[in-house]
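J.: could you work out the structure for the sequence below:
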Amino acid sequence: MKTIAQLLAILVLMMTGVHSVTAQDRPDPNKPQGENLEVPEGWEVRLDRPSEEVIIGSNPDSSDIYFVNMTPGWHITTGPAGIFYHPANTASANYSISTELHLFDPGDRNREAFGLFWGGKDLQTEDQSYYYFLIRNTGEFLIKKRMGSETELIQEWTSSDVIKVFNEDTEGSSVQNQMSVTVQEDRITFMINEEEVASISSEGMENEGVFGLRVNHSINLHVSDLALMGE
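T.: You can find the predicted model right below:
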């Protein structure tokens, strides 16, 4: 039986036309959002330098950014850098987000980074803000905050032996890394391939909001999983 407080909350949601996000609303890496090998329906892309001339499409020969459902997960090949997210992917309180990323041969672009973002707010406005946790094929990771067009360094580029890099010894066409960010009441923990690489105080940080993927310039990446746990 619902309490009076719960009934009042439901009434407010009905009156405002707002509904809470459920697991069913969030994109499933095993189910295409729309057609497989087409641009995922319901997803948003925010470029670092927005331009109406940038084509986001499913034809790799005519698109500036190739972004498609490719179950399990999604495939992203960037020209310009940006963030990729579904508005239903939101998190609050104590939670953990994780992703599994497969990097294809970066050529001479080993310093271009990719990974997770969280705490996203106003992502389609000039006041956008979010935190991000990235790796690059130099075997390093980074933690920063974006506020509008400005960024703030939280953890500078740091080497870690747990990061798998693409090189001449790589077997197959790609190299896989798992990344996660765990937000708790007083700390945030960062993991790569199930190994902790950093832990910081969460004091003063606004971790509630949208989470998703950040991919820098000219990266060929398959994302086989993007998950939320423990909210």
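
J.: so where's this protein uncertain?
T.: Regions of the chain meeting the criterion pLDDT under 70 cover residues 1-23, 231.

J.: now do the helices in it.
T.: Ranges of helices within the chain are 4-16, based on DSSP state H.

J.: residues near residue 157, how many?
T.: By other C-beta atoms under 10 Å, 15 other residues sit near residue 157. In short, each C-beta sits where N, CA and C put it, glycine included.

J.: from residue 150, how far out is it?
T.: Using C-beta to C-beta, to the nearest Å, one gets 18 Å for the distance from residue 157 to residue 150.

J.: and residue 84, by the same measure?
T.: 21 Å.

J.: do residue 82 as well
T.: Distance of residue 82 to residue 150, computed by C-beta to C-beta: 16 Å.

J.: ok, these two, which is more surrounded?
T.: Using other C-beta under 10 Å as the criterion, residue 82 and residue 150 rank with residue 82 on top: 24 against 8.

J.: for the nearest residue to the more buried one once chain neighbours are set aside, give me its contacts.
T.: Using C-beta to C-beta, 6 or more residues apart in numbering and skipping residues adjacent in sequence, the residue nearest residue 82 is residue 47, 4.0 Å away. Residues near residue 47 by C-beta atoms under 8 Å, 6 or more residues apart in numbering: 54, 80, 81, 82.

J.: include distance to residue 180 when you put the residues you listed into JSON lines, please.
T.: Shown next, in JSON lines, are those (distance: C-beta to C-beta, whole Å):
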{"residue": "54", "distance to residue 180": "30"}
{"residue": "80", "distance to residue 180": "27"}
{"residue": "81", "distance to residue 180": "22"}
{"residue": "82", "distance to residue 180": "22"}
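
J.: in strands only, show me these.
T.: The strands, defined by DSSP state E, take in residue 82 from the contacts of residue 47.

J.: wouldn't residue 223 be in contact with residue 100 here?
T.: Yes - assessed by C-beta atoms under 8 Å, residue 223 is found in contact with residue 100 at 7.2 Å.
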